[in-house]
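Undergrad: coords below, sequence missing:
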């Protein structure tokens, strides 16, 4: 090789950090696309094609990250609920809210989600509530274990109690939305606690 010839520069391969950032960015774009679509279309009418066109990604890219639109919605909604309840303490004082539904009520009220397409469709609403109930059931079970886990044998197993509490809360949120939010989030929290907390204490 002559002195004037130069070796071709090697292009560094992307490291794990770069790949992770790229994957995270793609997932954010896909979730943002679904969020925007859910504000203008019924959930059951949204297709993967709608999502990839809005996100400006290829079909193969979409399926590299998600199996279908329901998986995108699940990740999106669980992230939203984590964000809503991030400041709520677990295992707080016994007279505090065991199930902080006011946070969810405030979010729904501020976003006026009942006016958006996803809340106008039965399948969309049912799907959102199924995801929400599964998320809240895990959360309230952790909360009950923090409150009751060191008190010996309980009258009702914690998983059963958690399912009863989350089922009641989910039904209450659904009723509140269908009836055009007749009470404030704070009033709903207070009424829920008045009904549920005596039973929790009695465990």
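TA: Here it is on my side, so go on. Computed from a predicted structure; not experimentally measured.

Undergrad: From here on, just use CA atoms for contacts and neighbour counts.
TA: Noted.

Undergrad: Pop out the phi and psi values for residue 180.
TA: phi 60, psi 40 (degrees, to the nearest 10).

Undergrad: Next, count neighbours for it.
TA: Residue crowding around residue 180 was assessed by other CA atoms under 10 Å; the count is 10.

Undergrad: swap in residue 30?
TA: 27.

Undergrad: Check which helices and strands the helix or strand where it lies is in contact with.
TA: When secondary structure is defined using DSSP states H and E, the element that contains residue 30 is helix 16-38. Counting contacts by 3 or more CA pairs under 8 Å, 6 or more residues apart in numbering; DSSP states H and E, helix 16-38 packs against helix 48-55, helix 69-84.

Undergrad: again, only using 6 Å
TA: If contacts are counted by 3 or more CA pairs under 6 Å, 6 or more residues apart in numbering; DSSP states H and E, helix 16-38 sits against helix 48-55.

Undergrad: In the protein, mark out all the helices, start to finish.
TA: Counting by DSSP state H, the chain forms helices over residues 16-38, 48-55, 59-65, 69-84, 101-111, 117-120, 122-148, 158-178, 185-202, given from the N-terminal end onward.

Undergrad: ranking those helices by burial, who's on top?
TA: helix 117-120 (a mean of 20; mean count of other CA atoms under 10 Å).

Undergrad: Check the gap between the nearest residue to residue 109 once chain neighbours are set aside and residue 57 for me.
TA: For residue 109, ignoring the flanking residues on the chain, the nearest one in space by CA to CA, 6 or more residues apart in numbering is residue 181 at 7.8 Å. The span separating residue 181 from residue 57 equals 38 Å under the rule CA to CA, to the nearest Å.

Undergrad: what's the answer for residue 78, then?
TA: Summarising the geometry, the distance separating residue 78 from residue 57, computed by CA to CA, is 23 Å.

Undergrad: likewise residue 67?
TA: Plainly put, residue 67 is 15 Å away from residue 57 if you go by CA to CA.

Undergrad: So which of these two has more stuff around it?
TA: residue 57 (15 against 11).

Undergrad: Now render the helices of the chain as a markdown table, adding mean pLDDT.
TA: Converted to a markdown table, the helices of the chain look like this (pLDDT from 0 to 100):
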| stretch | mean pLDDT |
| --- | --- |
| helix 16-38 | 86 |
| helix 48-55 | 97 |
| helix 59-65 | 96 |
| helix 69-84 | 83 |
| helix 101-111 | 77 |
| helix 117-120 | 54 |
| helix 122-148 | 76 |
| helix 158-178 | 86 |
| helix 185-202 | 87 |
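
Undergrad: which ones are touching residue 102?
TA: By CA atoms under 6 Å, 6 or more residues apart in numbering, the residues touching residue 102 are 185, 186, 189.

Undergrad: give me that answer again for 7 Å
TA: Each residue near residue 102 by CA atoms under 7 Å, 6 or more residues apart in numbering is listed here: 185, 186, 188, 189.
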